[in-house]
Structure formats: C-alpha cells, structure tokens
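**Q** sequence-free structure coming up:
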C-alpha cells in the first residue's frame, strides 16, 4: 500500500516539474516584445502603438473621427462637346452649357466650419454642398486652394462642429496602423484600416510631373474618398487621402495621402495670405542610389539627395552649395531621397532660415541659408522649363544618369 502511494506521489512531482519546464520554455519563445528583444540580443523599439499579444482596437479612433468627415457634392460647368460641327457651333445647336455632378470627401478641422479637402475635388466648381454625418447639409465656399499639393480649404457657416485634431505625420512609422475615413461611391463615413506601407512616396500627376511626398497605405480608398481623413489610432489627422494607384480606377491595394505636416502649412498660408507661400531652395536633385554613388565615389551606405544643378542666384548657390553635394539632412531631419528633401522644404515659408547638412568629398558640412519666395505658377512653370532644357540640352545632364528635372524647387 505504502509502495503504491509513493509511486503516485512520485508521478505527481515529476508531472509538476515537467509542466514548469515546458511553461518556462514557452515563455522564452513567446514573451512580450521587450523580453524577446533582450533574449535575442536586439534592442527593443519603444512604440506606444504596439499591441503585443492582442489585436489593435480601431473603435476609439473611428468613433472620435467619423463625425468630422463630410461628403462634398460638387457642381461644375461642363464644357461643350469637342466633336461638334462648325454649323452646330455657329448656330448654337446643342452647345448649351451642361452641369456635371461629382463628389468627394472633406475633413472638418475647426469647430467653426473650416474643412480641408483636395484641390481636384473642388477645382472648377460653381456650387459646393457639404453633408455632415448627422445628415445636415450646408453650402460651402472655397477659401483657397493649391494645385501643387492638391490641397484646398473650404468653409461652411456653422458652429460647434465635430473636428479632428492635427497629428504629426513625421512621427508615423512603417507598419503602423491607420484608418482611412471618407465617402467612397457616395457611401458616407466609410472606415477602412491598413498600415503605413511607405513614406516619402512620389506620384505622377498624369503630366509627367512628380508631386509631393506621400504617405502610402494599404487602407482601402476608392473614388469619392479624395479629401478624406487618414488618422492614427489616437484619432489624429495624419494625412489627407488623395490618390490611388490602380489599373482599373478602383482600389487595388495602394492608396496615398498628403502628410499632415504639409497640410498644416498649406492651411495656415491660405488662411493668412489667401495663397500658398512657397519657399525655394534652388536646386535640381536626384536620389543617391548605387549607380550615382559609384560615379561619385562615395560609400553605398550614404543616403541623401544629390545636387545635380543649381538655380542661378538661388539660395543654395548663394550659400555655397555645389553640384554633386549630397544633402543628408535639413534642420536635423535625415534625408534619404529627393522626395523627402522636397517635403522638408515645402513645410517652410520664404524668409525661413534652414540648416542644410551636406556631404562633400567625404566631409560633413552644415550650411545655413535663407529660403526665397516662389509662387505656385512660377513653381509649376519653372519645373516644365527645366524639363525642356534637359530634353533639349543633353550635355547638361550628369554622366551618371539623368537627374529628376521635376526635383527643381
């Protein structure tokens, strides 16, 4: 009898020991992110949006943002058909101006009715009708717009409106969760989720001009989402949804938003000056890649934007920046591409002083300069002029490849 009891007790002890060992082993393999990083020898990254061991919760951000996203119905004057005969045009047949209807989204940023949307949503409009999530509708007027960044500011006469606070798009990190809120296909206040897929992404506006430095996400965005909100999980506005990359015109996995750092600057300019105060650095640049690095004889680990040409008497030339200088930072913000350099300059106004860090002949230099003024028409016109010059004068192009002529700013 005693022998049987001893056998049972021994079995229980052995089972407890084995269970403890298994549990310890499991904890080592599936512990929280900081413990796992320490065990693997890598340093843990501090990030307040991490959700170790649980799924992200989108409810707070969605519920605190959705009421501040509006539907913008747009009436435009349609042009006469191009295929009319001479007699039809001469006698006025079938050339009565027609109205076209379209819609987009907008984001209320102040309680007294200022709304951010896209320039392409309201451009050419004769009438704007804003519908809130509460189904109340208001006529709206255009305060100002900027075709270069595709941002517009409109206004409705109302008070105590729900609004979305501006967030810091610079703090976004790859893989971070974001929500896209808008009115695709006139389905008001639709919320979709995705992650930040890339930052500093350049797009082609259809005319060969690369514009801005977009946040790329995989949150579903479709026609009608233009001008809607991209928010982080705190419910802060980090971008204005602007475009999609798609072979069909519908969402195919890639959507793009203007960063809130640029939006804030554009809105402030439109409110204070009625137009955008665009700053000029005065360089033509291209992203430093392997081919360019090999030509310049620099380490392939170096990152930045290479100066391929200088605008005569521009700020960069006056301050002593030279062709083949590699711009690595602006005011301490690291530059890894020409797009990022463009974004950093676009948040400034003429007369602002900036510190440009450059790599020249293996040496690091800090150059102080003052940005000059350039209006939007001059900006777009000069980029087109530079394109023609590079096409007509190939001898101006560096031996290591063609620079991006649209990087002139």
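**A** Looks like it came in fine. Since the structure is predicted, the reported quantities are computational estimates derived from the model, not experimental observations. Numbering: from 1, shown residues only.

**Q** need the helices for this protein, in chain order.
**A** When secondary structure is read from DSSP state H, the chain shows helices at 2-30, 33-40, 59-63, 86-91, 119-122, 260-273, 290-296, 315-319, 338-346, 376-392.

**Q** this structure - how does it break down into domains?
**A** Listed domain ranges for the chain are 65-80+96-156, 169-273, 279-407 (source: automatic domain parsing).

**Q** what about the second one, how long is it end to end?
**A** The straight-line separation of the ends of domain 169-273 (C-alpha to C-alpha, to the nearest Å) is 24 Å.

**Q** pLDDT averaged over it - what is it?
**A** The average of the pLDDT scores along domain 169-273 is 89.

**Q** model confidence at the closest residue to residue 115 other than its chain neighbours, what's the number?
**A** Ranked by C-beta to C-beta, 6 or more residues apart in numbering and with sequence neighbours excluded, the top spatial neighbour of residue 115 is residue 106, at 4.3 Å. Where C-beta positions appear, they are placed from N, C-alpha and C, glycine not excepted. Among the per-residue scores, residue 106 holds a pLDDT of 97.

**Q** and residue 106, how many neighbours?
**A** Taking other C-beta atoms under 10 Å as the criterion, the count of residues near residue 106 is 32.

**Q** looking at the helices of the chain, which has the lowest confidence?
**A** Set side by side, the helices of the chain give their lowest mean pLDDT on helix 33-40, at a mean of 35.

**Q** tell me who's in contact with residue 199.
**A** By C-beta atoms under 8 Å, 6 or more residues apart in numbering, residue 199 lies in contact with 172, 174, 213, 215, 216, 259, 340.

**Q** kindly recompute the last result at 6 Å.
**A** Contacts here follow C-beta atoms under 6 Å, 6 or more residues apart in numbering; on that basis residue 199 touches residue 215.

**Q** go on, residue 267?
**A** So residue 267 contacts residue 153 (C-beta under 6 Å, 6+ apart).

**Q** measure it to residue 114 for me?
**A** 8 Å (C-beta to C-beta, to the nearest Å).

**Q** same thing with residue 280?
**A** When C-beta to C-beta is applied, the distance between residue 280 and residue 114 equals 28 Å.

**Q** same check, this time on residue 223
**A** 25 Å.

**Q** before we move on, what about residue 141?
**A** Per C-beta to C-beta, residue 141 is found 11 Å from residue 114.

**Q** when residue 223 and residue 114 are compared, which one has more neighbours?
**A** Neighbours per residue, other C-beta under 10 Å: of residue 223 and residue 114, the larger number sits with residue 114, 20 against 17.

**Q** who's in contact with stretch 316-326?
**A** With C-beta under 6 Å, 6+ apart as the test, stretch 316-326 has contacts from 281-283, 288, 304, 306-307, 310, 358-360, 367, 369.

**Q** can I get those residues in CSV with neighbour count, distance to residue 296 and pLDDT?
**A** Supplementary listing: those in CSV, determined by neighbours: other C-beta atoms under 10 Å; distance: C-beta to C-beta, whole Å; pLDDT from 0 to 100:
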residue, neighbour count, distance to residue 296, pLDDT
281, 29, 20, 92
282, 25, 21, 90
283, 28, 16, 90
288, 24, 8, 90
304, 25, 11, 93
306, 29, 7, 93
307, 27, 11, 93
310, 20, 16, 89
358, 24, 13, 95
359, 22, 9, 93
360, 15, 10, 92
367, 16, 18, 95
369, 20, 22, 93
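
**Q** as CSV, the residues you listed with distance to residue 196 would be great.
**A** Conversion of the contacts of stretch 316-326 to CSV gives the following (distance: C-beta to C-beta, whole Å):
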residue, distance to residue 196
281, 27
282, 31
283, 28
288, 23
304, 22
306, 27
307, 29
310, 34
358, 29
359, 28
360, 33
367, 32
369, 31
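
**Q** mind checking the longest strand of this protein?
**A** Using DSSP state E, we find that the single longest strand of the chain is strand 190-204.

**Q** partner strands of that one, parallel or antiparallel?
**A** For strand 190-204, the pairing partners within the sheet under DSSP bridges are strand 177-182 (antiparallel), strand 210-217 (antiparallel).

**Q** any chance of TSV for the ones you listed, columns distance to residue 347?
**A** Listed next are the strands paired with strand 190-204 as TSV, based on distance: least, C-beta to C-beta, whole Å:
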stretch	distance to residue 347
strand 177-182	20
strand 210-217	10
